[in-house]
Structure formats: C-alpha cells, structure tokens
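> with the input below, show me the fold.
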Amino acid sequence: MLSDSQRRTIVAWRPWLIAGTLWLVIATIASGVLWHLRSDLVESQARELGLLSLALADEVDRGLQGAQEGLQAMRDEWGDGHLLLSGPQAERALRNRAELMPLVQMVWLVDRDGHLLRGSESIPVPGLRTFLPALPGLVEHEIAISSPWTPGIDREMLVALAIRNQDSSAAASGWIVAGVPATALLGAFSAAAPAPDVQMAVLRSDGVLLAGANLSAPTFDTSGGTSRPVGRPDTQLRSYSDGRERLVSLHKLPRYGIDVVLTRDLEAVLVSWRGAAQLTSLVTLLLLLIMALAVRFVQHAERRRTEAQQALEAQRARASRLESLGTLAGGVAHDFNNVLAAIIGFGEMAQDAAPEGSGQARQLDKMLQAALRGKALVERILAFSRGGARQSTVFEFEPVVEEVLGLLASALRPGVVLERRFEASGARVRGDPTHAFEAVMNLCANAMQAMPDGGMLSICLERVHVIEPRVLSHSTLRTGDQVVLTVSDQGAGIAPEVMEHLFEPFFTTRGAQSGTGLGLAVVHGVVTEFGGAIDVRSTPGHGARFTLYIPECAGALDEPAPTPARVSGGAGQRLLVVDDEPALVALAEEMLAGLGYEAIGHSNPAAALQALREDPRRFDAVITDELMPVLSGTQLTEALRQVAPRLPVLLISGYGGALLAQRAAAVGVTRMLAKPLQREELARVLADVLR
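Model prediction:
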C-alpha cells in the first residue's frame, strides 16, 4: 500500500511523466522523419552524381575514341607513304589532320629513336617517358597517355595521346603523338554540374591527375577509411581521415586507362537538410517549453482547484456545523421561550396585584427584569439560528452604519482611531433594520476589543457586482449586486484554530466577564437572514478583516411604522386561543380576560379547528402557536380559511424565521408575534386587528 505522501508525489509527477513521454514520442518521430529525409537526400544526390559521372565518362570515351581513330588513320597513311614528312606542305597537312580529329589540337610524328620528324606546331613534343603505358612496349591497338604538361608561357596545359606505328622500314617506324587540351577531357562538366561544390577529375590509372574542375584538395584521392554504396553501384559514401564524408562516383575507361571521378562534400549536400533539422529541433524544443509551461499551468490550476475544493469543503463543514448548532439552539430557545412566556405573563399579572412600593412588588420587578434579559438572550440565540419570527422591510443600509458609528464615536478607547469610507449612498437591502444594526454594532465592538492598546478601526461601505460565485472563508458568495461592509482592525489577528469556531455561539477567547460569546454568532445569523455571505481574512499579529456581502435590493423603501398610541382594552370580543402547552393556554385566558376579552382556550389544535367549523361566526379572532403536534399553526390557519376566510389570525412563535413568515403570509396569517409575549404588545396588536 502506498502512503499518502507517495500518492501525492505520484500525482504531482504524473503530468510531467505524461508530458515527457509525449515529447519523447514526438521527438522520436521527428528524428525518424529527419533521418529518412537525410537518407533520401543523400540517395538522390548520389543517383544524380552517378548519372552525371556516367554521362561525362561516356563523353570522354567518345572523344578519345574519335581521336584514336584519327591517329590510326594517320598511321595508315604513314605506313603507305602518303603522309608528307618534308617540304613546306608537311606542317599544313598535319595541322589539317589535327583539326579533323575530336579533342586534338596538334600532332607530332616521332621516330623510333624519339626524334621529332614533323609537327603541326612549332612546339616540342612531350617527354616520351611520361606516357603510360610506356611507349617502347606499346602494342598496335593500344593508346598511351602522357602526364599533363605546359608547352610554354601563356599556353594551356596539354595531355598527349600516342599510338605506335610499327613498320618494317625504319623510316615508317615510331609514334604518332597528339596534343589534347586538358580541359577538353572535362567535356560539358562546367555546364552540367548541379552545384558549384561538385568536383570532377580525370585520372590516369596510375593516379596521375590529367584534368580537374573545382578541386579544393591538392590531390584527388578516391580511397577512404570506410565506404558504402549509396544511390548507384558506381557511387559510394566515403569517410576520410580528416573526418569529412564525400559522395564519390567513379567510372573507369579501361581501354584508355582513365578514371572519371565526380565527388561532392556531404556537408554541402546536407546544407538544406541541416537547416530543416535545426528548425525542427527549435520547434521541438519550443514544444518542450510549451508543454512544460502547460504542465506548470495545469499543476497551478490543479493546485488552485484543490485549494478551492478544500476551502469549499471547509466552508461546507463550517456551514454544516453552524447549521446543526443553529437547529439545536433554535429548539432550545423555543422551549425556553415557553418557560419565559409563563414567567413574564404570570409575573406581570402578579405585579398588577402586588401593593405598589411593597417588597413583593420590588421582587416581582427584579424577576421581570431577569426574565426580559433572558428574553433578549433568547432573541440573540434565535438571531444566530435564523429562527426568530420576524418581518423584513426594505431600508437603506448606510444610515444604519452611520447610526452605529455615531454611538461608537463617543465610546472609543484611547488610542483607537476611527476611519470611514462610504461609497454606497442610497444602497438598499431587505431584512430587519434592528438586526442589521445589531450585527454592525457587534462587529465594530468586536474589532475595538481586539485592539486594547489602540489602533486603526476602518469601516468601508461600497457596492460591487459579483460576476461568478466565489467560495469565501465562511460562506459562498452568489452573483449579483452586493452591498459590501468591511470592518478592519489592527489587533493581534485570529489564530487558525480559532477561525474554525469563530461564529459558533458561546465560543469566546476572552474571559467570562467579556461577554456571552454570541456577538459574532449574531452577525453570522443576521447576514444569513439577509441572504448574504461572510469572508474573514486574518494573519496572526497583523489584524483581521471582516467583510459582509449583503444582496442589494431594488425595491421601494417601506414606510416607517407609526409610533403606537396607548390602547384601551377589549369590549368582550370572543377569542380562540390554541397552544399545546396547557399552562400557556391558562396564562393567555387570564391575560386576555384582564384586557377585556373573552378567551376560549384549546390545547388540542384539532379540537380547536372542529369548534371553528361548527360555528365560524362564534369567534372574533384566533391566537395560535406554530409548533404543535398534529396541526401546526400555519396548517390550522390554512384549514380554517375554508370556513372563515376573513377571520383575523395571530400566529405566535419563538422559532421559525423568514421561511415561517413567508409560509404564514401564504396561508393568510394576519399578524405574527414573537414569544414570549408581553401584555402591552398583545393588547396593541389585538386592538389593531379588531379595529
């Protein structure tokens, strides 16, 4: 089994291995193609060189054959005595015969002792020892060729051809020698050469160079260290001791003892191929660079994706933990609300009955104060759990922040400097303004507490348009127009282990005297209630920055609620009270009776619905709890609307949130109230709905 580190190493190196393998495959294919092109180019040049060598050798052969036939004709004339050897016409006759022979420029008649008998030009005959085969041993049908020589200044180099004239008479014995320009042996090479670097040489069988063109070496060596056939059987690729390679095409003319050789340096042949190879190498290296950059980009993208996935998983884990805590806190708060409802309700009635100024009245006052503090604590828990029964309105956000800063300005600690920047004038949001005020206040108070020695407290309010969803530290930000509140401090920062529990209720890093640990929990609950998101950035030792994103609302501003006037009691209206807690039913009946109403209570919602169906006109209003067995308050309202569509319904709940408000409005609930109820609030609402 592989360890996690080994698996991570394999995953990290996998793109490099894939890219490297792919590049090696491409490089191998490119190398194979280049080698194939090189072989084809060398084969093509070898064939071309071999064909050219064959053509030139054939041309030299025909020229020498014509010269040999002319010399043989002269030999026949000499033997028959028809060739003039003396007199003024002899030189002209020899010149005419030289002009009739291919390649030949001049001729000489030499006796068997090597003395010049007659010549077509006043040029000395070449040395007889330079011929091959040697003239004394030359047979009748052979032709001998001399080494090249220059007959004089400003004269071109010549090569001599000689045939033997064998006759019984001494006067007709000797040799006929013809002078041929060395360049004539090259034929049409200068016009037919495929490239300036192609070299041609005409060699005698003993290696003497008779003629050459474009020769760059002092000798024309056709031997080499190694060779192999290429292109044609008469063409080879030879490697020389100087490290160079040459294409060599050799054609022999054994009748004359001559070799016609064409060569070309392999480097010159491969010039264009090397350019293509360099370009291919450059492209291959560029491809390697691109693939490396692509792998780096993929790894960077994968790392970012992994980090985003980890951030999303962490955010989901936090959200799930906070959701679970919210559900738990909401359930506890609901049950606690029922207890507080009884305490506050019966306490208010006991307070009414107690003599004014008595010890009992003072004790009841303290009890009610404690109960109201408990009510405020429950409201904060419900704000975190998003379970409070509330109504939302459209309001401008900037005045709420201004109000908070106005209160903070008079309570700043020494050394704390308040910096503000507002760029969202007129921005509207939907929610509870009181909860928004509490969230901003808690956030600013928390920032001041993080700077006991002073520092800069910065508050920024602006608008942004979010194009695509983003994963934040503790939420997922949706698209659309957002009102953004940023609160930054210069405190000690937030440790990573604290960041995980930052918004949990009752979690605090301060002492017990510094609060309940509900401040940031309330902030989280309020922002979630508004449909927003929270992002927290902090580096230990460098402060923290809290950013709240709240969706901007385009709706019209709601009119502020009028100041409630003092209300009078009821006039005997009959009210149906439904709650699964018998103690709360008894409390409501007694409280309503004290307010001048006739209350009929039911702890069974099904029985209450049956009473309504039997006589819908019997009741003037219905007061019902939401969370009840068998039938919830909203289900009861939906059912009674079939028999009493205009009957006012007050829904009381300590848990439910915005979803409950939407559900209640959909089934026709007239008004929602939050537990625990206070008598004056209940009297005011009843007077309003029964008016």
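> okay, now the residue nearest to Gln678 when sequence neighbours are not counted: neighbour count?
Distances taken as C-beta to C-beta, 6 or more residues apart in numbering put Ile344 closest to Gln678, at 6.3 Å, once the chain neighbours are dropped. Just so you know, the C-beta spots here come from the backbone N, C-alpha and C atoms, and that holds for glycine as well. Number of residues near Ile344 (other C-beta atoms under 10 Å) recorded here: 23.
> what's in contact with the helix or strand harbouring Leu247?
Assigning secondary structure by DSSP states H and E places Leu247 in strand 245-253. Contacts with strand 245-253, where a contact means C-beta atoms under 8 Å, 6 or more residues apart in numbering, come from 42, 45-46, 49-50, 52-54, 56-57, 60-61, 64, 222, 224, 227, 230-232, 234-240, 258-267, 269.
> so for the chain, the centremost residue is which one?
For the chain, Phe297 is the residue whose C-alpha lies nearest the centre (C-alpha atoms, centre = their mean; 4.5 Å).
> let me know the pLDDT of that one.
What the model reports for Phe297 is a pLDDT of 87.
> how much space between it and Ile494?
Taking C-beta to C-beta, to the nearest Å as the measure, Phe297 falls 33 Å from Ile494.
> can you check Ala201 too?
91 Å.
> how about the nearest residue to Leu247, chain neighbours excluded?
Arg264 (4.8 Å).
> check the offset of whichever helix or strand that neighbour is part of from the chain's centre.
Secondary structure assigned from DSSP H and E places Arg264 in strand 258-265. Remark: strand 258-265 is offset 59 Å from the chain centroid, using C-alpha atoms, centre = their mean, to the nearest Å.
> can you count the residues close to Gly543?
A count of nearby residues for Gly543, using other C-beta under 10 Å, gives 22.
> oh, I was asking about Leu282
The tally of other residues near Leu282 (other C-beta under 10 Å) stands at 10.
> in which helix or strand does it reside?
Element membership for Leu282, per DSSP H and E: helix 271-353.
> for the residue nearest to Leu247, give its distance to Val198.
Taking C-beta to C-beta, one finds Arg264 at 5 Å from Val198.
> for Leu83, same thing?
Leu83 is 43 Å from Val198, by C-beta to C-beta.
> of those two, who's got more company?
Val198 (24 against 21).
> please verify my assumption that the more buried one contacts Thr263.
Yes - between Val198 and Thr263 there is a contact under C-beta atoms under 8 Å: 7.5 Å.
> list residues touching both of those two?
Common contacts of Val198 and Thr263 (C-beta under 8 Å, 6+ apart): Leu49.
> surely the residue nearest to Gln678 meets Lys675?
No - Ile344 is not in contact with Lys675 according to C-beta under 8 Å; the separation is 9.5 Å.
> for the lengthiest strand in the chain, name the packing helices and strands.
Ranked by number of residues, the top strand in the chain under DSSP state E is strand 455-466. Other helices and strands packing on strand 455-466, by 3 or more C-beta pairs under 8 Å, 6 or more residues apart in numbering; DSSP states H and E, are helix 397-409, strand 416-423, helix 433-449, strand 480-489.
> out of those, which comes closest to Gly20?
Of all the helices and strands packed on strand 455-466, it is strand 480-489 that lies closest to Gly20, at 45.4 Å by C-beta to C-beta.
> tell me which strands that closest one pairs with, and in which orientation.
With DSSP bridges as the test, strand 480-489 is paired with strand 455-466 (antiparallel), strand 544-551 (antiparallel).
> buried stuff in it?
For strand 480-489, a neighbour-count test (16 or more other C-beta atoms under 10 Å) marks 482-489 as buried.
> in these, find the pair that's most separated.
Most distant of the buried residues of strand 480-489, by C-beta to C-beta, are Gln482 and Asp489, 22.2 Å apart.
> if we can go back for a sec, inside helices: which ones of the contacts of strand 245-253?
Mapping the contacts of strand 245-253 onto helices (DSSP state H) picks out 42, 45-46, 49-50, 52-54, 56-57, 60-61, 64, 266-267, 269.
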